[in-house]
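K.L.:
what's the 3D shape of this:
(4 chains)
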There are 2 protein chains.
Amino acid sequence: MAPLAAGNESPAYSEIDPKVEAMVHELIGRVADKWTLLVLEELEEGGTLRFTELSRKIPAVSQKMLTQTLRQMERDGLVHRTVHPVVPPKVEYCLTELGHGLSESFCGVWRWVEGNLEAVEAARKEFDARPSG
Amino acid sequence: MAPLAAGNESPAYSEIDPKVEAMVHELIGRVADKWTLLVLEELEEGGTLRFTELSRKIPAVSQKMLTQTLRQMERDGLVHRTVHPVVPPKVEYCLTELGHGLSESFCGVWRWVEGNLEAVEAARKEFDARPSG
DNA sequence: CTGAATCCAGTGCGATACTG
DNA sequence: CAGTATCGCACTGGATTCAG
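P.N.:
Here you go, the predicted structure:
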């Protein structure tokens, strides 16, 4: 833990850019979104996928949310959208370098969870078993 | 990108434990939560803080959400809660090892955002400027 | 000071129906 | 196939009030 300057009552994070703060927050929020995370994974694994393919691989997602999720990811430069001018329509999605990088940066979290899953579950179980006070 | 087995139409993630999947998801979701992220940071930086101190460092949080957030983090074993049996009541919060570890595992994401903040903003700007189709 | 309980407005999301 | 548009509910979270 970072030592605190003695007697320092000034606000925290003097060194943290509020813009970065907001962005981190937003980005984490984005990936935290159930669907975004799943889409990120599917595209990471599947490479290039069509709308329907994604839909099929993530059965729980509604068509509305899938569209919405993909749009937002596209806007953020995380996925690339390719429309093939044919009938029937064919639209393919794949991760951009940005999206791939973001995906990788979450590997640490992923590994942490794998390593600490049991600890968290134990903590929950213990907490829930406590005398209600 | 992981190569796909040729002709393999079986569902994705054969290697991914659905339990881990759910947990990653849940944990990311938790930290994505505005207040949890802020609390995590404050405790990481401040060490041990009282309820009111946290409240003061995160002015935007309502008392309800702060309580709720801390309870959940406590249940997950991320923070430790110490009640001092005095009047007026004094309750202190600090990160557990688990909480500290989780916090660290997010450093990668943090760094990625710092490094790619401009790229994302540029992507958004470009997306928003596109011919509306 | 710390926290639980209640009320209420905003909205995220699913279901459904329609279009190119 | 790949969307958009609309409706309605459920849940979230803020404000407020009460309590130990």
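K.L.:
make it CA atoms for all contacts and neighbour counts henceforth
P.N.:
Noted.
K.L.:
so which bits of the top helix by length along chain A are buried?
P.N.:
Counting residues, the longest helix found in chain A (DSSP state H) is helix A:107-129. For helix A:107-129, a neighbour-count test (16 or more other Cα atoms under 10 Å in any protein chain shown) marks A:108-110, A:112-114, A:116-117, A:120, A:123-124, A:127 as buried.
K.L.:
same list, those, but only the ones touching chain B.
P.N.:
When contact is defined as Cα under 8 Å from any Cα of the partner chain, these meet chain B at A:108-110, A:112-114, A:116-117, A:120, A:123-124, A:127.
K.L.:
please enumerate the strands of chain A.
P.N.:
Ranges of strands in chain A, per DSSP state E, are A:48-50, A:79-84, A:90-95.
K.L.:
highest average neighbour count across these?
P.N.:
Most buried of those, by mean neighbour count (mean count of other Cα atoms under 10 Å in any protein chain shown): strand A:90-95, with a mean of 19.
K.L.:
and it, what's its mean pLDDT?
P.N.:
Over the span of strand A:90-95, the pLDDT mean works out to 98.
K.L.:
same thing with stretch A:19-34?
P.N.:
82.
K.L.:
neighbouring contacts of it?
P.N.:
Outside stretch A:19-34, the residues that touch it by Cα atoms under 8 Å, 6 or more residues apart in numbering or on different chains are A:36-37, B:25, B:28-34, B:37, B:109-110, B:113-114, B:117.
K.L.:
so which of the residues you listed is the closest to DNA strand D?
P.N.:
residue B:33 (6.4 Å; Cα to the nearest atom of the strand).
K.L.:
what about the closest one, how many residues close to it?
P.N.:
17 (other Cα atoms under 10 Å in any protein chain shown).
K.L.:
which bits of chain A sit near DNA strand D?
P.N.:
A:50-53, A:63-64, A:67-68, A:88-92 (Cα under 7 Å from any atom of the strand).
K.L.:
pick out the most distant pair among these.
P.N.:
A:68 and A:88 (21.4 Å; Cα to Cα).
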